[in-house]
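Q: From the sequence below, what's the structure:
(2 chains)
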Number of protein chains: 2
Amino acid sequence: MQNFTYNTPTTVYFGKDTHLKVGEIVKNYGYKKVMIQFGQGSVVKSGLLDIVVSLLEQNGISVVLAGGVEPNPKLSFIREAVKTAINEKVDLILAVGGGSSLDSSKFTALGAYNNVDVWDIVMGKVVPKGAIAVGCILTISAAGSEMSNSAVLTNTELNLKKGYSSEFNRCRFAICNPELTYTVSKYQTACGTSDIMSHTIERYFTLCDDVEITDGIAESLLRTVIKAGKIAVENPTDYEARANLMWASSLSHNGLTGCGRENYLAVHQIEHALSGEYDHVAHGAGLALLFPAWAKYVYKYNLPRFSKFFRNVWGIEEKDDDIACQKGIEVMKNYFKSIGMPTTLGELNVPESSIERIADLCTYGKTREVKNYIPLGYQEVVDILKLCI
Amino acid sequence: MQNFTYNTPTTVYFGKDTHLKVGEIVKNYGYKKVMIQFGQGSVVKSGLLDIVVSLLEQNGISVVLAGGVEPNPKLSFIREAVKTAINEKVDLILAVGGGSSLDSSKFTALGAYNNVDVWDIVMGKVVPKGAIAVGCILTISAAGSEMSNSAVLTNTELNLKKGYSSEFNRCRFAICNPELTYTVSKYQTACGTSDIMSHTIERYFTLCDDVEITDGIAESLLRTVIKAGKIAVENPTDYEARANLMWASSLSHNGLTGCGRENYLAVHQIEHALSGEYDHVAHGAGLALLFPAWAKYVYKYNLPRFSKFFRNVWGIEEKDDDIACQKGIEVMKNYFKSIGMPTTLGELNVPESSIERIADLCTYGKTREVKNYIPLGYQEVVDILKLCI
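A: This is a model prediction of the structure:
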């Protein structure tokens, strides 16, 4: 087990009707002026935003609305939000939505607190000294941003999608009511399931030795998500399935499933190139497509770990390690297919001819290799993508 | 899944040599004057205390020593420590030791911050408004106090052992170096293993429905502890086993294994009466004795849950639920025996004639029932204790 620091300061208020406590919660923390960030309108249509604003105002808290966060939040939006946050002197940024609203809120909090251009923070030119507090009311189980230390934004001027991790990115609180995810579409539920799984799977496949306690937690978490994802896709109002997914979303990305191991997130790096180039590709769908292909390409370089994974997570009983992996990859692929995820680039409307371009993006123009059981350079990424045809 | 609030603000610095960072860590938090609480001298003998004091002083931090915390920390000691903490204006209490030093530090932090008698807080006469920060350098994996919200003290004047839970009881940080537990004796390692297991087992056996995600985490954690406990008893310097135990200690009592369920800690309540009456009984040893007896007495009242437990945690393959439980109880009992834990009251030097007295203490003089699958009143506790003869 490698040394690690575990820091999960986010207080999670989990369960039915918890969003109705938002006024009380924000008041108890002592915040006076809240910027609410939200997306393209679903929280307006559902009436959730009105409820939240009303509950905050009833508790004497002023509200500044900042709607219109796009999927893959844009730097231009965040820069405007930073200005507003500074001018209005907000002391809390409340994301009402999913990963995009959360990530946008985190960057706004960094920019406004340090009074600097967020892009300078992302590019490492400025080291932030803190951040305005961020809270959230989660409406989709997927990104895990509600408890994670990371956030992603897109600079459309430079056509660059960049992530930034910092302990200042941890939310002060997260209000997680699984019922708010009942209206998430079957497709987005499946994408979310894939995203949640990916955060644990990527941490599982590191270069370190086994970490028994972390492995066990990761495996049990994945078994739950596999089951709950399928149920939620088939029956969107199954509370237990929605609740298991939502809590798994937080636990998969708060650090718990990576304790004692180094994390590389290899498949994420290929997927970011894919959905960076094709904005219509949902992150979770890209991951679901890539995982089986990646596993097929690299499993031979760590048979013990891959066969452990397929046996303990996917229930493969085959005794031969190699055959167990081959069977497991098929079971995993079929699972993603069964919940409506793509199994080919074509199903994602990504042409085969783009493979070189994506591999080029992923390897920063053939200048880097993605760390994995074997280094994944340009040619390896091309080969993995070809397994997605 | 029931609603829950998850709050684990303790930053954990885990791994080899992490105790050597104590000066830097405390300085980074900005604390200036630290009271160190420790026990009966083992941290003096080992040289650990000297190292800690030296590292703090090198970082410009003043130190006040408060040694002599007894197992089951005493109110009288805490009252003195509170006076000192107030007079010396300490801004951090650092426990160097295990559960007793930690619990004593937590009570001192509550008493000093609120400037009240700790007993009034414990008895509910005063509601604390906060607490001085508490940190720790952990030297034994057992109580889980390093991340829990609870603490226990003993009022020797009234012969009462009382617990107190509050979010103010959460440590600011915990430094957890598994190597510091190499010198823990085989017996205390086994007691610690039992204590760690108990915190997860008690949360597992609640009156609520299954919570799949929490059940899975709990089961995998227990499987790890069972294995690591045995290894650590046999080979005290096995780093991986010590590390698995140490991290499991924190995760078993920080709330994770109880999310979505109510907790009653039924066996703890019987054990507190047992070790309250017999001070020489180690908490973990008492628990190891009581668990199989309790399970034998109540398993029939929730066959599905008990058989799930024995199958998923103890590897029982028997298909018949009742027989699976009977076999499982024997396997659990034999496990505790194999690591040197008692299987009878006699082995704990507790006379059979004390059974009525312990049951009387546990039920507050026959005035309450311990909540469980069936209410455990005086007679039921007597019957369970008789299974320990």
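
Q: So which bits of chain A are right by chain B?
A: A:1-9, A:11-18, A:178, A:212-213, A:216-217, A:219-221, A:223-224, A:227-228, A:239-240, A:243-244, A:247-248, A:251, A:256, A:259-260 (Cβ under 8 Å from any Cβ of the partner chain). C-betas here are computed from N, CA, C, even on glycine.

Q: Only the buried subset of the residues you listed, as a ChimeraX command please.
A: Restricted to buried positions by 16 or more other Cβ atoms under 10 Å in any protein chain shown, the ChimeraX selection for the residues of chain A next to chain B reads:
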select /A:1,4,6,7,8,9,11,12,13,14,15,18,178,212,213,216,217,219,220,221,223,224,227,228,240,243,244,247,248,251,256,259,260
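
Q: Can you show me the helices along the stretch 251-389 of chain A?
A: Residue ranges of the helices in the stretch 251-389 of chain A, as given by DSSP state H, counting those that start in this stretch, are A:266-277, A:283-298, A:303-314, A:321-338, A:355-362, A:378-386.

Q: Please identify the most buried of the ones you listed.
A: Of all these, helix A:283-298 has the most neighbours on average by mean count of other Cβ atoms under 10 Å in any protein chain shown, namely a mean of 24.

Q: Which elements pack onto that one?
A: Contact here means 3 or more Cβ pairs under 8 Å, 6 or more residues apart in numbering or on different chains; DSSP states H and E; on that basis helix A:283-298 packs against helix A:186-204, helix A:266-277, helix A:321-338, helix A:378-386.

Q: At the geometric centre of chain A, which residue sits there?
A: A centroid search over chain A (Cα atoms, centre = their mean) returns A:Ala143, at 2.4 Å, as the residue closest to the centre.

Q: mind checking the longest strand of chain A?
A: Longest among the strand segments of chain A by residue count, using DSSP state E, is strand A:4-14.

Q: List the contacts of that strand.
A: The contact list for strand A:4-14 (Cβ atoms under 8 Å, 6 or more residues apart in numbering or on different chains) reads A:21, A:25, A:146-147, A:149, A:167, A:170-177, A:243, A:246-247, A:250, A:254-256, A:258-260, B:3-9, B:11-15, B:259-260.

Q: could you redo the helices and strands packed on helix A:283-298 as a markdown table and give each row mean pLDDT?
A: Below are the helices and strands packed on helix A:283-298 laid out as a markdown table (pLDDT from 0 to 100):
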| stretch | mean pLDDT |
| --- | --- |
| helix A:186-204 | 96 |
| helix A:266-277 | 91 |
| helix A:321-338 | 98 |
| helix A:378-386 | 97 |
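
Q: Identify whichever of those lies nearest to A:Phe306.
A: Among these, the nearest to A:Phe306 by Cβ to Cβ is helix A:321-338 (4.8 Å).

Q: Name the residues that touch the closest one?
A: By Cβ under 8 Å, 6+ apart, helix A:321-338 touches A:190, A:194, A:226, A:230, A:288-289, A:291-292, A:295-296, A:299-300, A:303-304, A:306-307, A:309-311, A:314-316, A:318, A:342-343.

Q: again, 6 Å this time
A: A:288, A:292, A:295-296, A:299, A:303, A:306-307, A:310, A:314, A:316, A:318, A:343 (Cβ atoms under 6 Å, 6 or more residues apart in numbering or on different chains).
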